[in-house]
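S.K.: build me a model from this:
(chains A and B)
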Amino acid sequence: MNKIIIENLSLQYSDGTESLRNINLGIREKAVTVLFGPAGGGKSTLLRCLNRLNDLTEVRASAGRILIDGENVLDADTDVITLRRKVGMVFARPVVLPMSIRENLTYGLELAGETRRSKLDEAVERSLKLAALWDEVKDRLEDPAIALSGGQQQRLCLARSLALQPEIILLDEPTSGLDPISTGKVEAALTELKKEYTIILVPHSVQQAARTADYAAFFLQGELIEYNEGKALFTAPKEKRTEDYITGRFG
Amino acid sequence: MEKSLNWREFVITRSIKASGYSAILFVALIFFFLVREGLPTFGEVESTSLLNIRWYPIEDRFGILPLITGSIMVTFGATLIAVPFGIGTAIYISEIAPRWVREILKPLVELLGGLPSVVLGFLGILVLSPFLRVFLDLPTGLTAFTGSLLLGGIAVPTVVSVAEDALDAVPRAYREGAWALGATRWQTIWRVTLPAARSGVITAIMLGIGRAIGETMTVMMVTGNAPVLATALGSLFSPVRTMTATIAAEMGEVASGSTHYHVLFFIGMVLFLISLGVNIAASSVVFRAKKRAERILS
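M.R.: I've put the predicted structure just below:
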């Protein structure tokens, strides 16, 4: 079942740098879809289209549709705020807010107008457990979030977007700054999360793409070159360019 | 070769250091000069008469209280105007305006900041004060309020320019983080961007106040220059005289070394201490904010 359908999507920044050309892609529900390829291929741009974060950048031209649950989120009358609560995002560099661990988690909910203490506490525990961070921080929720290690901070950011109970989670190179052990923890958390959430991941290496992908899409200079189930794509790519990239001949 | 390079390095670092220290030296010299010329006031004028409410130098009445209240009132009014407008404009330029508007607006605001204050004073006398006299039905349009409006206008570009730089320096990642959590544009500005830029914004406000309190020419032209003690809020709409305007207007005519001359320098000292106080207050706020950030980081 496709949660997201991208149809004929084309996009260009006003300075003409990164762009997408005629992308057609279906994203499966409750699975990890990996968008990978060399830098400047349009992966992040595509990711940012899904929660309309590109609105705030200068975009010159965009054509096509992105359907989430059958609704075109690129429509001018889409409620962007509601969309962003439904489509959570985790960035390459963890941006923890200068507050306690608990406040970091309740922040988004408070912005959304939730004030009931019981609801907030419940969300804190649930989201921390989902992000596999609960055991490490449950006794020090009032500590400043900055004091956490890089890997913990990134899982805190994951938990923060999970606290809003999104349906889709976008991850833009979430482990690029992390050591292998922390990376393993984040990836393990993703494996748990995909039972309930639709996950789209831009990995920071081909290895990570191969490890985590249920489905994989290979992007090269703004074009979708190949899309397939992860196993099939990484063991028997159909396109020459995909094979060259996977086997490390370029990129 | 090696040696001459070292020697050059030595000269360059020392001259940079010297120019840094010279700032301290100049402030110290200015203060020393002010004190030297101003302190004899205490020997020549009773300190109680300094706190008198009459400023008639010709009759040897040197009550500087009306001048202080005049300055404070005009500056306070100007701050009330400059801060919301300045911060608002800075937020608009940095966070909301599309790029082409920003590229027009920012140089324009900075151009406004470079406008000679005498030109604004001129506009104040010819346009603003007749308008206010008719509009508010006052006996004269040359009032503290007129001065506040113009001073506010003068301080706005300073506030905008510094605050906009501070907002602009907030990493994009902070904003994107907030947007991705479903924060509205306003929530992002109010709860993420502004707090992150706080120290810069406070500096902007303080520089704006400093600009307003030190401004001379405009207030001299539009506040009516009547040294009347401000006692009620109503005096906002009557003529006042500020400390700066008094010094500027009278310094040219006093005999060097006379009592009047010393009192004018004494007013300069008071002005110096007030702006020192504003600056210390500003940096202590910034310092405290930093302390807090350090506590969180540790």
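S.K.: can you pull out the helices in chain A?
M.R.: Assigned by DSSP state H, chain A shows helices spanning A:43-50, A:80-86, A:101-111, A:117-130, A:134-137, A:150-162, A:180-193, A:206-212, A:230-235, A:240-246.
S.K.: correction: the stretch 101-250 of chain B
M.R.: B:117-123, B:129-135, B:144-168, B:172-180, B:185-188, B:194-196, B:198-214, B:217-222, B:243-250 (DSSP state H, counting those that start in this stretch).
S.K.: list the buried residues in the fifth one.
M.R.: Looking back up the chat, that one is helix B:185-188. B:185, B:187, B:188 (16 or more other C-beta atoms under 10 Å in any protein chain shown). For every residue, glycine as well, the C-beta is placed using N, CA and C.
S.K.: tell me the one among those residues nearest to chain A.
M.R.: Nearest to chain A among the buried residues of helix B:185-188, counting by C-beta to the nearest C-beta, is residue B:187 at 5.4 Å.
S.K.: would you confirm that the closest one contacts residue A:113?
M.R.: No: at 10.7 Å, residue B:187 does not count as touching residue A:113 under the criterion of C-beta atoms under 8 Å.
S.K.: quick one: is the helix or strand of chain A with the lowest mean pLDDT near chain B?
M.R.: Ranking every helix and strand in chain A by mean pLDDT, DSSP states H and E puts strand A:59-68 at the bottom, with a mean of 81. No: residues of strand A:59-68 contacting chain B under C-beta under 8 Å from any C-beta of the partner chain: none, with a closest distance of 11.9 Å.
S.K.: which residues are in contact with that strand?
M.R.: By C-beta atoms under 8 Å, 6 or more residues apart in numbering or on different chains, the residues outside strand A:59-68 that reach it are A:3-14, A:16, A:22-23, A:49-50, A:72-74, A:83, A:86-87, A:168.
S.K.: among these, which are in strands?
M.R.: Among those, the members falling in strands (DSSP state E) are A:3-13, A:22-23, A:72, A:87, A:168.
S.K.: residue 39 - how many residues pack around it?
M.R.: Using chain A here. Residue A:39 sits with 8 neighbouring residues when counted by other C-beta atoms under 10 Å in any protein chain shown.
S.K.: you looked at the wrong chain, it should be chain B
M.R.: For residue B:39, the neighbour count with other C-beta under 10 Å is 13.
S.K.: can you tell me which residues contact it?
M.R.: Taking C-beta under 8 Å, 6+ apart, one finds B:262, B:266 in contact with residue B:39.
S.K.: what's the pLDDT at the closest residue to chain B within the stretch 101-250 of chain A?
M.R.: Closest to chain B within the stretch 101-250 of chain A is residue A:108: 3.9 Å, counting by C-beta to the nearest C-beta. You'll see residue A:108 listed with a pLDDT of 87.
S.K.: quick check: phi and psi on the residue lying closest to it once chain neighbours are set aside?
M.R.: Spatially, and ignoring its direct neighbours in sequence, residue A:108 is nearest to residue B:181 (3.9 Å; C-beta to C-beta, 6 or more residues apart in numbering or on different chains). The phi and psi values for residue B:181, taken as degrees, to the nearest 10, are phi -90, psi 0.
S.K.: surely residue B:181 meets residue A:162?
M.R.: No: counting by C-beta under 8 Å, residue A:162 is not a contact partner of residue B:181; they are 11.2 Å apart.
S.K.: which parts of the stretch 101-250 of chain A sit against chain B?
M.R.: Proximity of the stretch 101-250 of chain A to chain B, by C-beta under 8 Å from any C-beta, involves residues A:107, A:108, A:111, A:112, A:144, A:146, A:147, A:157, A:160, A:161, A:164.
S.K.: export the helices of the stretch 101-250 of chain B as TSV, with columns for mean pLDDT and distance to chain A.
M.R.: Formatted as TSV, these follow (pLDDT from 0 to 100; distance: least, C-beta to the nearest C-beta, whole Å):
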stretch	mean pLDDT	distance to chain A
helix B:117-123	87	36
helix B:129-135	87	41
helix B:144-168	90	14
helix B:172-180	86	4
helix B:185-188	88	5
helix B:194-196	87	8
helix B:198-214	86	11
helix B:217-222	83	40
helix B:243-250	87	41
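S.K.: against residue A:170, how distant is residue A:198?
M.R.: Separation of residue A:198 from residue A:170 (C-beta to C-beta, to the nearest Å) stands at 10 Å.
S.K.: with neighbour numbers in mind, choose between those two.
M.R.: Between residue A:198 and residue A:170, residue A:170 has the larger neighbour count (other C-beta under 10 Å), namely 27 against 24.
S.K.: how about the contacts made by residue 123?
M.R.: Assuming you mean chain A. Listed by C-beta under 8 Å, 6+ apart, the contact partners of residue A:123 are A:105, A:106, A:109, A:114, A:163, A:165.
S.K.: hmm, I had chain B in mind actually
M.R.: Taking C-beta under 8 Å, 6+ apart, one finds residue B:150 in contact with residue B:123.
S.K.: how about residue B:22?
M.R.: Counted by C-beta under 8 Å, 6+ apart, residue B:22 has zero contacts.
S.K.: repeat for residue A:27
M.R.: Going by C-beta under 8 Å, 6+ apart, residue A:27 touches A:2, A:3, A:4, A:5, A:6, A:33, A:198, A:200, A:215.
S.K.: and of those, the nearest to residue A:45?
M.R.: Distance to residue A:45 across the contacts of residue A:27 (C-beta to C-beta) is lowest for residue A:6, with 12.0 Å.
S.K.: for the closest one, which residues make a bridge with it?
M.R.: For residue A:6, the beta-bridge partners under DSSP bridges are residue A:25, residue A:66.
S.K.: separation between it and residue B:154?
M.R.: Going from residue A:6 to residue B:154 by C-beta to C-beta gives 54 Å.
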